[in-house]
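*Asks:* Sequence first, predicted model second:
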Amino acid sequence: MIDKPIVVALDYNDKNQALSLIDKLDPALCRLKIGKEMFTLFGPTLVKEIHDRDFDLFLDLKFHDIPNTVAKAVSAAADLGVWMTNVHASGGLAMMQAAKKALAAYGNDAPLLIAVTVLTSMSDEDLTLLGINIPASAQVLRLAKLTHQANLDGVVCSAQEAQLLKSTFGKQFNLVTPGIRPVGSDVGDQHRIMTPPKAIAAGSDYLVIGRPITQADDPLAALSAIHQSLQA
Ligand SMILES: O=C(O)c1cc(=O)[nH]c(=O)n1[C@@H]1O[C@H](COP(=O)(O)O)[C@@H](O)[C@H]1O
């Protein structure tokens, strides 16, 4: 298992609430993720405040645009010094190659660049409505192949596809899996879910976990319990 596989997803519209949660967490136990809501509200200042607290940060903006625009967007993310950032694989091979090329200038300081395959909130039925008449796992595999071809560092997928992707693409290809739900926690809007220990056993490298930690009465206790379940 990778060192610090837990990535806590912060989805807040109140910065003080988010910072007070962050101050309860331990950078030795987890990394953090902010996405569209928090970055739109609080921008690079929040990134700096998180970095000042010694957390690795995944900037989850899921870029999807023409290659030139996405290349500039991932460069802007790299300028912020984030640990990981992402694009949508469905933006296509040329878009992902342009993003990867843009990060070459940053050498070892470049963030990990990963691509979202099929969102974990989507089911086979949702894909059918989009005109994609294959199971989610097959669509994930198709998009992961494209991502691998573009030489990105890995994909966001559900833990349900982790075993297939690890055996197809090997150890170095990072699998970042949201849709993680400890036994007994609310599923919410997620569809393709798995518990933390099963996700790691299936080959997930990083577990993105939001509400089961952030909405817990005691977030640090919830984080520690998940951490412990992985050590076992
Ligand atoms: O890219 C992501 O992080 C992501 C991709 C995906 O397929 N599914 C998914 O849930 N996410 C993110 O992972 C987090 C999951 O949060 P919880 O459902 O609260 O655990 C949210 O911040 C989502 O935006």
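*Replies:* Sure, I can see it. Numbers count the residues shown, from 1 in each chain.

*Asks:* The ligand contacts on this protein?
*Replies:* With C-beta under 6 Å from any ligand atom as the criterion, the chain meets the ligand at residues 9, 11, 35, 60, 62, 86, 116, 119-121, 156, 178-179, 188, 190, 208-211. Any C-beta I mention is one placed from the backbone N, CA and C, and that applies to glycine too.

*Asks:* Which of those residues fall within strands?
*Replies:* Here DSSP state E is the test, and these give 9, 60, 62, 86, 116, 156, 208-209 as lying in strands.

*Asks:* pLDDT, neighbour count and distance to T195 added to the residues you listed, as a markdown table?
*Replies:* Formatted as a markdown table, these follow (pLDDT from 0 to 100; neighbours: other C-beta atoms under 10 Å; distance: C-beta to C-beta, whole Å):
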| residue | pLDDT | neighbour count | distance to T195 |
| --- | --- | --- | --- |
| A9 | 98 | 20 | 17 |
| D60 | 98 | 25 | 22 |
| K62 | 98 | 16 | 25 |
| N86 | 98 | 29 | 24 |
| V116 | 98 | 24 | 22 |
| V156 | 98 | 30 | 18 |
| V208 | 98 | 22 | 14 |
| I209 | 98 | 26 | 11 |
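
*Asks:* got CSV for these, with distance to Q228 too?
*Replies:* Formatted as CSV, those follow (distance: C-beta to C-beta, whole Å):
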residue, distance to Q228
A9, 20
D60, 26
K62, 31
N86, 29
V116, 29
V156, 25
V208, 19
I209, 14
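
*Asks:* Now the two most distant members of these.
*Replies:* K62 and I209 (17.7 Å; C-beta to C-beta).

*Asks:* Which of the three states applies to the closest residue to F169 other than its chain neighbours?
*Replies:* Closest residue to F169 apart from its sequence neighbours, by C-beta to C-beta, 6 or more residues apart in numbering: H148 at 5.3 Å. Here H148 is helix, with the state taken from DSSP: H, G, I helix; E, B strand; the rest coil.

*Asks:* roughly how far apart are H148 and H227?
*Replies:* Taking C-beta to C-beta, to the nearest Å as the measure, H148 falls 30 Å from H227.
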